[in-house]
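# 3D model of this:
(chains A and B)
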There are 2 protein chains.
Amino acid sequence: MFKINDNYLKLPGSYLFSNIAKKVNAFSEQHPEATIIRLGIGDVTQPLAPAIIDALHGAVDEMAHAETFRGYAPDLGYEFLRNAIAKNDFADRGCEIAADEIFISDGAKCDSGNIQEIFSLDNRIAVCDPVYPVYVDSNVMAGRTGSYDPLTERWSDVIYMPCTEANGFAPEFPKQTPDLIYLCFPNNPTGATITKSQLQEWVDYANRVGAVILFDAAYEAYISEDDVPHSIYECEGARTCAIELRSFSKNAGFTGTRLGFTVIPKDLKANGVMLHALWARRHGTKYNGAPYIVQKAGEAVYSEAGKKQVTEQVAYYMKNAQTIREGLQAAGFTAYGGVNSPYVWLKTPDHMTSWEFFDYLLEQANVVGTPGSGFGPSGEGYFRLTGFGTYENTLAALERIRRL
Amino acid sequence: MFKINDNYLKLPGSYLFSNIAKKVNAFSEQHPEATIIRLGIGDVTQPLAPAIIDALHGAVDEMAHAETFRGYAPDLGYEFLRNAIAKNDFADRGCEIAADEIFISDGAKCDSGNIQEIFSLDNRIAVCDPVYPVYVDSNVMAGRTGSYDPLTERWSDVIYMPCTEANGFAPEFPKQTPDLIYLCFPNNPTGATITKSQLQEWVDYANRVGAVILFDAAYEAYISEDDVPHSIYECEGARTCAIELRSFSKNAGFTGTRLGFTVIPKDLKANGVMLHALWARRHGTKYNGAPYIVQKAGEAVYSEAGKKQVTEQVAYYMKNAQTIREGLQAAGFTAYGGVNSPYVWLKTPDHMTSWEFFDYLLEQANVVGTPGSGFGPSGEGYFRLTGFGTYENTLAALERIRRL
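Below you'll find the predicted structure:
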């Protein structure tokens, strides 16, 4: 008789955003008259930029003719895209990353969920708390996290690095030594970030203890301050200890178009085995590439017109984030983030729990946000709002919140 | 110090098609004048059908305007596509499969590689020999296959079901009882298939021993004979023992566009736990949906115009397969398949090994095929050619082979 992977049964409840969707759907059914404003999930709302649309139409036309039709893509992704990434995201920032160290994928969520596969089940992971749930849940599914304590909401074999007001939402080196360290800066959900010299300390630490940093830089396009690194490879020594995960979702609006990439430098080895080779094997065996038309769309993000257009789009969302942060502060809330990130992280008022505040905001203001506790126990008492709505909706939501 | 997943190191050599690509590239560099005809990898060559192209352009235009822009897709895929599949692929064939038992993905290779994750590592897999390498390799990576014996080319914990001339390339029930049974009909690589009553026996067997059948029906569009099932759900009792994997790659030319789906009936349970719920959790946590524009392209495959056009495309490839089979037989080869499948499975002449014949065909005829031994030890002495080339190239390749 076949048996299931029991680790799945250890996962408490269902996935955060599915839960939110269920609650919102239930509320909508009961209150069909309510105009709900969604500032919860990190989904974009602006249409794809004209340069990207042109590239998509062009690529679709190529698929219509035998001479230009494209079948299976190269395992790592098309060179035209990997070259554009290597130049724009790395060489132009002084980072030494070759095109063949870049693996094109259908998004950072998949990559951040799958990357743990190339590591031993014995490895100990360290995560920030609060944290993007995929890092932990994918390790739970693999059986790497031990047992769950519903009281503390913690896994016995996971090392938590609390990110709180006290430490400016920047993690500190953990007491136990981790093997894999998930870092995400600019951070989801707190909107906080760390300076280049702070990140350099993490790189030095990882090299010293023999850990790998899984660096999620999905929000790098939102960095507005000079001293904040866009890539971990801006730090010395990162090539021997860091994997970087990148996305086209937030900088170019690809949440429904699906494109991302992972960087694994060839210098990153365990006992002489390149992690690059393992990930290449996984790509070759369990993945079949992002669509050609989507890879062409990705290339257009790096064209002169594309760069200008997506920069304007990011500025639009950042104006929203600023509106949220300043609006909340004017309404008497304590709010963080929103400077180098589309996320604003607010303290719930009156000692409400995160989910109490979720219900309160949904019912009283018809505004949807994300409960901070959904990202981990240190997120309790916080709430995430995002700048990804329209400007009009963002203004309207803040007006409703002001009136509460 | 971090450790890698050692199971990856057990994998012998690199992935079959990567190996072939390397050999072909090396030959091309040495013989730049040679016109190589590729009938090796199962990649299509015909452009996307006009109805699909129209749908893609339409969806791209939707992505260009805020009112019609789409961000994150629903976890299981868009309803418009799942409804079209449920009707056309299942209801119209008398199969009872609901739209919410269908999970849209970016392709059957990913699904067939990932599906093993929801099962226990203790489960014993059974595979046909020869077999599509992804089934075995993905289980090797997970640590489910024991140790590899390079002499027999077999894994200690895998149950092999030889498919040979003697049994008409149809597997027999294994002596050891498996937990997971991978079946692919019409078969890749042999091009063979089994009748509905034969498949019914497998369904009865699986229900009897408590096994799950992972049924890969990627080539169902190529079925030309009446008594061959298009879906395992045509068999009674399949809802309690079978998962079906489907692809848009071969019926509609989506190898470079990426779309597929997996069906998990809600009746398929282990100790009361629905496998459907586990796969839904995996989708929600480690995947983020196929692109909206690609899902719209998939919907167009089921439009009246789309159905007509993709049927013509399949007929085109089947004419190639017939040309190959008949051409080989006329040249004195023994060849199978090519009736309900785009694949022709030929016996190598003069006791050549599969790789010897690969080199011989590449060097003497500049034709690329796939060595049968790459699919497992019982594939030794066989060679796969595919009908996915152009008709002109297929004719030319057969003419070169005839002259050998």
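
# which is the next helix or strand following the helix or strand encompassing A:V134?
Take DSSP states H and E as the rule and A:V134 turns out to sit in helix A:133-142. Moving toward the C-terminus from helix A:133-142, the next helix or strand (DSSP H and E) is strand A:148-149.

# partners of whichever helix or strand comes after that next one in the sheet?
Note on strand A:148-149: by DSSP H and E, the next helix or strand toward the C-terminus is strand A:154-155. Using DSSP bridges, strand A:154-155 pairs in its sheet with strand A:148-149 (antiparallel).

# what's in contact with the partner strand?
Residues outside strand A:148-149 that contact it (CB atoms under 8 Å, 6 or more residues apart in numbering or on different chains) are A:10, A:12, A:140, A:154-156. To be clear about C-beta, it is placed using only N, CA and C from the backbone, and glycine gets the same treatment.

# Now do the SS call for A:K22.
Following DSSP: H, G, I helix; E, B strand; the rest coil, we place A:K22 in the helix state.

# so how far is chain B from it?
Remark: distance between A:K22 and chain B (CB to the nearest CB, to the nearest Å) = 12 Å.

# Same check on A:D92?
From A:D92 to chain B the distance is 28 Å (CB to the nearest CB).

# which residues touch that residue?
Taking CB under 8 Å, 6+ apart, we find A:D92 in contact with no residue.

# pLDDT check: weakest of the contacts of strand A:148-149?
Ranked by pLDDT, those bottom out at A:P12 (83).

# Check the gap between the nearest residue to that residue once chain neighbours are set aside and A:V127 for me.
Leaving aside its sequence neighbours, A:P12 sits nearest to A:Y148 (CB to CB, 6 or more residues apart in numbering or on different chains; 6.1 Å). Note on A:Y148: its distance to A:V127, by CB to CB, to the nearest Å, is 14 Å.

# Close to chain B: what parts of the stretch 251-400 of chain A are there?
Proximity of the stretch 251-400 of chain A to chain B is confined to A:253, A:255-258, A:270, A:273, A:275, A:278, A:281-282, A:284-294, A:390 under the rule CB under 8 Å from any CB of the partner chain.

# rewinding a little: what does the helix holding A:V134 contact?
Contacts to helix A:133-142, defined as CB under 8 Å, 6+ apart, come from residues A:5, A:7-8, A:10-11, A:15-16, A:109, A:112-114, A:116-117, A:121, A:125, A:127, A:145, A:148, A:155, A:158, A:182, A:214, A:374-376, B:117, B:281-282, B:285-286.

# Quick one: the contacts of strand A:148-149 as TSV, columns for neighbour count too.
Below are these laid out as TSV (neighbours: other CB atoms under 10 Å in any protein chain shown):
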residue	neighbour count
A:K10	15
A:P12	9
A:V140	21
A:R154	19
A:W155	20
A:S156	10
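
# Of these, which is the nearest to A:L48?
Ranked by distance to A:L48 (CB to CB), these are led by A:V140 at 34.5 Å.

# quick one: that closest one and A:S147, what's the gap?
Separation of A:V140 from A:S147 (CB to CB) stands at 10 Å.

# Quick check: neighbours shared by these two?
If you check A:V140 and A:S147 against CB under 8 Å, 6+ apart, the residues they both contact are A:10, A:155.

# Just the buried residues of the contacts of helix A:133-142.
A:5, A:7-8, A:11, A:15-16, A:109, A:112-114, A:116-117, A:121, A:125, A:127, A:145, A:148, A:155, A:158, A:182, A:214, A:374-376, B:117, B:281-282, B:285-286 (16 or more other CB atoms under 10 Å in any protein chain shown).

# quick one, strands of the stretch 101-250 of chain A?
A:102-105, A:125-129, A:148-149, A:154-155, A:158-162, A:180-184, A:212-216, A:242-247 (DSSP state E, counting those that start in this stretch).

# how about these in CSV, adding distance to B:G58?
Formatted as CSV, those follow (distance: least, CB to CB, whole Å):
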stretch, distance to B:G58
strand A:102-105, 26
strand A:125-129, 42
strand A:148-149, 46
strand A:154-155, 46
strand A:158-162, 46
strand A:180-184, 36
strand A:212-216, 34
strand A:242-247, 26
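
# quick one, which of those is nearest to B:S197?
That would be strand A:102-105 among those, by CB to CB, at 42.7 Å.

# Could you list every helix and strand in contact with that closest one?
Here strand A:102-105 touches helix A:79-85, strand A:260-263, helix A:275-286, going by 3 or more CB pairs under 8 Å, 6 or more residues apart in numbering or on different chains; DSSP states H and E.

# dump the residue contacts of A:T240.
By CB under 8 Å, 6+ apart, A:T240 lies in contact with A:207, A:265, A:267-269.

# Among the residues you listed, which are located in strands?
Members of the contacts of A:T240 lying in strands (criterion: DSSP state E): A:K269.

# these two touch, right, A:L275 and A:C241?
No. Using CB atoms under 8 Å, A:L275 is not in contact with A:C241; the gap is 10.4 Å.

# The two: who's more crowded?
More crowded of A:L275 and A:C241, by other CB atoms under 10 Å in any protein chain shown: A:C241, with 26 against 22.

# Look up how far A:A206 lies from the more buried one.
Distance, A:C241 to A:A206, by CB to CB: 4 Å.
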